[in-house]
Structure formats: C-alpha cells, structure tokens
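Student: missing the sequence, but the structure's below:
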C-alpha cells in the first residue's frame, strides 16, 4: 500500500512552492514555467544534512517518484491533446510543405553538426552517432505551452511548428533505429528499420486520414438520418479520454512520442466538437497536472554530475551546437514564410525535452554512452528546453515590432 | 522509471470499461457506481490461464498499483472538497444537535451489536473488540456521491449526514485508539488516548472556528480598505488545491480520515468563493478521478478469500448486523427530523468503505485479526458500500412519495 499521507504532503508542498514561484515570476515579468522548473532544480539539488529536499520529501521513494512521473506525463499529454483540439487538420495541411522542409532540414543539420562536433572532440564514431541522434529530437511540449499561454497557438507559425514536430518525430525514430541497429551490431537490418519507419508513417497517415474522413461520413449519416441521437448516450469527457489515451498508447507502442499521439488524437476528436464538447473539462485537468511536468524537468537536473573535468564545458558546447543547428535548419526550412515568422518557427523547434532524454537513456542502456556523455546529453536536452520560452517570446516580440502585432492577440505580449 | 506506455494502456482499458458499464447501467436504470464497482470486481477476479485480468494489465505491479490508489484517493478527496464547498458552516451548525445524536447512537449501537455477535460466535474478546470497532466507522464518500448525483446534496438530510460523518470519524478514532491500546497491551494509557482524542477534536473545532471567523474579518478588512486587490495575484485553482491537500494531510496526520479533512477544507474555502471561484475547475478533475475510486473498491474484492468453511456465512451475518445496527442507531438519532428524513440519514450512514478497511488493516498488522477475520471485515466494509446506493435511492424515493418531491430537485429521481 502506498502511503497516501506522504503523497498529500508532497502535493501540498509542490503546489505551494510552484504557486509562490509563479507569483514571483509574474511580478518580475519572467515566464512562469522558468520559475517552476527552477523550483524543481532547487528541490533536487539543495541538500540539508547531506540529503536533498527531493529525498527528504520522500520523492525519491520508488512509488512516489512513479506517481509524479505519471502526473507530469499526463500533464503534457492533456496539453497536446487540447492543442490538437484547437488545430483543424485542414489548416495543418496548408502548412504541410513548409512543415516538411522545417522537419527535414531541422533534422539533417543538427545531426551533421552534432556528429562533426563529437568527432572533432575525439569521441569514437558510435558515441558520436548516438549524440548526434539525440540532437535530432524535438519535444514540442514547452513550445506548445508558451504559444498557448501567449494566445498565439492558432497562428500559422504555431501550425508550422506542430506539423514539423509530427514529421520530426517520425524522422527521429528512423534515425534512432538506424543508430541503435549499428550499436547492437547484429540484428537490425535495413529491412527491420524500414519496417519501423513504415509502421510509424502508416500510423500517422492513418490517424490523419480518419480525421479527414469523419466530416464527410458524418454529413452522409446526417442525410440518411442513421445514428441519430445515439451520441447523446456517450458522455464527452470519458470518451475524449479514451480516444486520447488509446492513440497516445498506440503511438508509444510504435516508438513514437506519446505526446505526438495525443496531438493527433486531439485533431481527430476536434471533428466531434459539436456533439461531444470536452475542451472545457480537459482544460482544468491540464491546469492541475501540467506544473508537475515543469517540476519533473527540474527534478532531472543533477548539477553535481557536471563538475568532472571539462564535462560542463563540453555540455555547454553541445547545447550551443544543438541550438544553432536546429535554429538554422528550421529557419532555412521556414524561410518562405518571411524572416520574422521563420525565426519564431525555428525558435519553437529548439527544445529537445523528454525526447532527447529518451534517446540518451537508450544510449546508456545499450552501453554506448558513458555516464558523463549521458549527463551531457541530459544537460543539452534540459538546457534547450529551459531557454526555449525566452527565445520564443523574444522572437514573437521581435516579429511583433516588425510587422505590428498578431491578429487577435495584439496586447497579449505585455501581460506575459 | 515507470513504464508510461503501460499506464496509458491501463488508463485506456479502465476508462473504456467504466464507460461501457455506465452506459449499460443507465439503460437499465441501475446506479452507475454499481456498474463501475462490478467492473473492478471482474478485473480482479476473472482469470485467464490462471492469471487475473488485474495482473495481466500489470495493475498488480507495485508502482502501477500505487498510481491507481492515488488516483482513487484523490478522486474522493476532490469529491468531499467540492461537497464542502457547497456546505455553508452556518447550515451545518443548524443540524449540529441531530448530527451529534446520529453520530453517537450510530457508533454505540453498531459497536455493541458487533461485539455481541462475535462473542456469541465464540471469538475471543480482543478479536471481537476489533471487529466491533470496524463496524463503527462511516465512510461518507459513496453517500456524498449518490446525494450529489441525485441533486439533493443541499438538503437538510445531506447536511445531517455530513455533520454526523465528521463527529463519527472523531468517535471512531477514539474507539480505535482504545482498542489498539488494549491490543498492544502495554503503552497506550488512558492519557495517550485522551491526547489523541483531544488533538482530533481540537483540529476539527479549529478549522471550523477559522471558517466561522473568515466572513467577519473579511468584512472588517473591506471596511478598513486593507489588502484590497491583493487576492487578484492568487490563481484560484492552485490555491484551492493547497488548502485542500494541506488540511487533508493534517487530518490524516492526526489519524482522522483524509476525506474528513477535505470536507472541512472545502467548507473553509467556500468563504472565499466570491474572490477565488475554483468549483468549476475542480468539478472536471473530480470527474476524471472519481471512477478510479469505485474501480479500486472493486479491485479489493477477493471472492476467493470467502470460500473457506463458513467464512462467507459469518461475513454475511456481520454485514447484516453492520447494516441493521448502523441504520437503527442513526435512525434513532435522527428521528426528530421525521420518519422519512431519518430513514434517508440512516441509510446514508451505512457504508463503511475505506475507513472500515483501514481499521481491519490495523487489526491484521498488529496480529489481532487472522486472515479469515480480515477477509470478513473487508467483505462487510465493501458490501455495506456497494448496497448503499440502492438503499439511499430507495429511501429518497420513498420519502418523495410520502411528502412529494424535494424542493429544487423534483424530477431528478427518474433520471437516475
């Protein structure tokens, strides 16, 4: 049996600290998430009598750690599902070409950049390949949060980022399975890798195709009068949850990111908005859970792991390469949108988040990455995630100054 | 690291089955919770190739089990917090006398009834005392859910039940600490027990006193113009969560039920409804989590444990005594409200739920209860909880026929 009293105390302390941090951030006009991530870093790195606050709060205890990991993951899943609900497939298709360019260039250039850097630093080829794969990933959670928070999730730039993130995830999966194949030396033939890739692409296309078919089949059903009133027997919230968790689990099963599944699920469910309105109910659940996602990012920062000879220096170098190459690649891909918009899209693609961390863990488990290389990748994944809100907001502001404010959200910037 | 893919699959399966069960229940006009509890029982008792669905879904895996226990517990905590939000202290005070009578008689009579039954059945005194203590507990979670679902949580009967549940919890704690003291033989002197009791009473009275003071101090602050506008810097949802989890944890720390703390916290927070409206945001979070509470009740039912010689018979006997004595005691306490109302209140006090289960676990851990006695108490706690929705709805209907429907909810009965 889990000790529920301890969990209640943990919830009390974490939400209290997150709220105080948010209030301070608002006062000094710093993005709220940064404050919450810093609370997470403080909890896992401040020690009292040799014990971190993290373990004093019993958060290191296996069951409690599992609980807050699940809260964190569900937080981003709800976030991306809601973003999907607000993204009509038709609008995503409009940015299809640009998104593909952003994704491809935003994958190729960081991969080459990472590979070259590591080879220059005299790491061996396999290690370098793995690190390069970790630079490929994009985790769109933080970006989606920032754009939604600024009230500009419905702009063309946001759509391009979301579309690119979906394609990016598929490309990243292909690269990762190739590199893992090389690492394991044996089994993974080109055929296996092709199978992984085809399954992932088929999954994404199938969900999109179903989403595309729904309005047509619904209008046909309406004409023929079949299925009339049946939907009233279904309660919106549980049904939305079933669709969301089902498709997220399937995406995860196919080695894609669960949040990409949640985003696609949201787009699909959006086609039923009129008969099953669930958005208003999902919003508060997200509001409850999403701070745990930002806290979790902070929990994973181990400042101690970066003290050994030169590790921090290389980690910072790696982070700079990660930022510059992703920005450059994505910017080139999006340049047809105009400089200001391309800048926003490119900044939005920078965070590596949990996707980068997953790649690093696979590297550690297969024995390719040493502990210090692992720590560097984690540093890069987290650092790119933490700086992203600043960069995105800066890019939005800059473009606002160039072209005048966005439609529909002209005075949002000051409030943030 | 917890396996998030598995958790997503579990969420998908559990919510899907719960939704199907709900739809079937609605079709046949059976309370929805009964269907969800049955799903839980089925999952933990149906076996395929010797493995229960529960373990096939990896729900028996320690971390996953912890996650769903927390979901379940948070579900009732949110439920009782919201019920507290809808219960002004002033109205609870109106029913104070009746509630006290209901609580006292609803504690004394089941205790004597349980003790006599077990002594007749030739159990030894200590065992009998423990079983009798388990009969004392009231868990108001299911009752609150049913009354809220029927739209009659604001009636005088609901207030009497809630008030009695608070007092009941304190009385139950006193009895449990006395019996545990006897069981441990040594330490627990009368002084220790008095200390436990005084702390619990002081806690309840203090929270109520603060709740009572708030409106006065707020109107004073308004007059003097101090603190004006400060509340705008605080976001309602996190603040409500902090108050809820803080007071629930404190209640749990003082050996009271966490849900009693949540109820008191809700009453306190209700005084700030105008400046921090959180109810609309809490409602969907509850809707998401509360089904896991009902599933959890089902998970704990081990049909296999009741097969041994005569165990089931005694368990059924115990359950009947639990129902009749609690109903009788509470009815006597509430009879000044009129027969119909007293009947509703008495039915509402019947479920023992997790409070009864906690008593049983203490008995098992201290070595007083054997496995089969433990199984009997669990059976009683669950059976009283599962029959409660039927009994409560029957009592409400019956009183509706006697006196005409309740004010404000005249046509609610048919819908359920």
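Tutor: Arrived safely, thanks for sending. Fair warning: this is a prediction, and the values are worked out from it, not measured in the lab.
Student: what are the ranges of the strands in the stretch 151-300 of chain A?
Tutor: Using DSSP state E, counting those that start in this stretch, the stretch 151-300 of chain A contains no strands.
Student: need the helices for the stretch 51-200 of chain A, in chain order.
Tutor: A:53-56, A:62-85, A:89-94, A:96-120, A:125-136, A:141-149, A:156-184, A:190-224 (DSSP state H, counting those that start in this stretch).
Student: Return the list of helices and strands in contact with the shortest one.
Tutor: The helices and strands touching helix A:53-56, judged by 3 or more Cβ pairs under 8 Å, 6 or more residues apart in numbering or on different chains; DSSP states H and E, are helix A:32-45. Any C-beta I mention is one placed from the backbone N, CA and C, and that applies to glycine too.
Student: tell me which residues in the host helix or strand of residue A:329 are buried?
Tutor: Take DSSP states H and E as the rule and residue A:329 turns out to sit in helix A:311-334. The neighbour-count check on helix A:311-334 (16 or more other Cβ atoms under 10 Å in any protein chain shown) flags A:311-312, A:314-315, A:317-319, A:321-323, A:325-334 as buried.
Student: for the helix or strand following that helix, packing partners?
Tutor: On the C-terminal side of helix A:311-334, the closest following helix or strand by DSSP H and E is helix A:339-348. Here helix A:339-348 touches helix A:96-120, helix A:156-184, helix A:311-334, helix A:371-403, going by 3+ Cβ pairs under 8 Å, 6+ apart.
Student: out of those helices, nearest to residue A:261?
Tutor: helix A:156-184 (9.6 Å; Cβ to Cβ).
Student: how far out from the middle of the chain is the closest one?
Tutor: 12 Å (Cα atoms, centre = their mean, to the nearest Å).
Student: now swap in stretch A:148-155 and tell me
Tutor: 16 Å.
Student: tell me the mean pLDDT over it?
Tutor: Throughout stretch A:148-155, pLDDT has a mean value of 88.
Student: What's the end-to-end length of it?
Tutor: 10 Å (Cα to Cα, to the nearest Å).
Student: out of the helices and strands packed on helix A:339-348, nearest to residue B:56?
Tutor: Using Cβ to Cβ, those put helix A:156-184 closest to residue B:56, at 28.3 Å.
Student: List the buried residues in that closest one.
Tutor: Result for helix A:156-184 [16+ other Cβ under 10 Å]: buried residues A:156-181, A:183.
Student: for stretch A:95-111, same thing?
Tutor: So for stretch A:95-111, counting by 16+ other Cβ under 10 Å, buried means A:95, A:98-111.
Student: same check, this time on stretch A:38-57
Tutor: Buried, per 16+ other Cβ under 10 Å, within stretch A:38-57: A:38, A:39, A:40, A:41, A:42, A:43, A:44, A:45, A:52, A:53, A:54, A:57.
Student: Can you name the residues of the stretch 301-416 of chain A sitting close to chain B?
Tutor: residue A:361 (Cβ under 8 Å from any Cβ of the partner chain).
Student: tell me which parts of the stretch 151-300 of chain A are close to chain B?
Tutor: A:233-235, A:237-239, A:241-242, A:245-246, A:248-249, A:252-253, A:258, A:280-285, A:287-288, A:291.
Student: and the angle from the helix holding residue A:329 to helix A:371-403?
Tutor: 40 degrees (axes from the mean of the first three to the mean of the last three Cα atoms, to 10 degrees).
Student: Just checking the distance from helix A:311-334 to the centre of its chain.
Tutor: On Cα atoms, centre = their mean, the centre of helix A:311-334 falls 17 Å from the chain's centre.
Student: which strands and helices sit next to it?
Tutor: Secondary elements touching helix A:311-334 (3+ Cβ pairs under 8 Å, 6+ apart): helix A:96-120, helix A:125-136, helix A:156-184, helix A:339-348, helix A:371-403.
Student: Can you give me the buried ones in the helix or strand just after the fourth one?
Tutor: Read that as helix A:339-348. Sequence-wise, the next helix or strand downstream of helix A:339-348 (DSSP H and E) is helix A:353-365. Neighbour-count burial for helix A:353-365 flags A:353, A:354, A:355, A:356, A:357, A:358, A:359, A:360, A:361, A:362, A:363, A:364 (criterion: 16+ other Cβ under 10 Å).
Student: Hmm, the fifth one is touching residue A:381, no?
Tutor: Yes: with contact taken as Cβ atoms under 8 Å, residue A:357 and residue A:381 are classed as touching, separated by 5.0 Å.
Student: and the residue nearest to residue A:125 when sequence neighbours are not counted, how many neighbours?
Tutor: Once flanking residues are discounted, residue A:125 sits nearest to residue A:119: 7.4 Å by Cβ to Cβ, 6 or more residues apart in numbering or on different chains. By the criterion of other Cβ atoms under 10 Å in any protein chain shown, residue A:119 has 15 neighbours.
Student: so residue A:119 touches residue A:129, yeah?
Tutor: No: Residue A:119 is beyond contact range of residue A:129, at 9.7 Å (criterion: Cβ under 8 Å).
Student: re earlier: closest to chain B among the buried residues of helix A:353-365?
Tutor: residue A:361 (7.7 Å; Cβ to the nearest Cβ).
Student: Contact partners for residue A:65?
Tutor: Neighbouring residues of residue A:65 by Cβ atoms under 8 Å, 6 or more residues apart in numbering or on different chains: A:59, B:2.
Student: measure it to residue A:378 for me?
Tutor: 16 Å (Cβ to Cβ, to the nearest Å).
Student: and if you look at residue A:269?
Tutor: Distance from residue A:269 to residue A:378, by Cβ to Cβ: 34 Å.
Student: which residues of the stretch 101-250 of chain A score low on pLDDT?
Tutor: For the stretch 101-250 of chain A, residues meeting the criterion pLDDT under 70 lie at A:185-188, A:225-230.
Student: Now do the contacts for residue A:79.
Tutor: So residue A:79 contacts A:141, A:144, A:145, A:148, A:259, A:286, A:290, A:293 (Cβ under 8 Å, 6+ apart).
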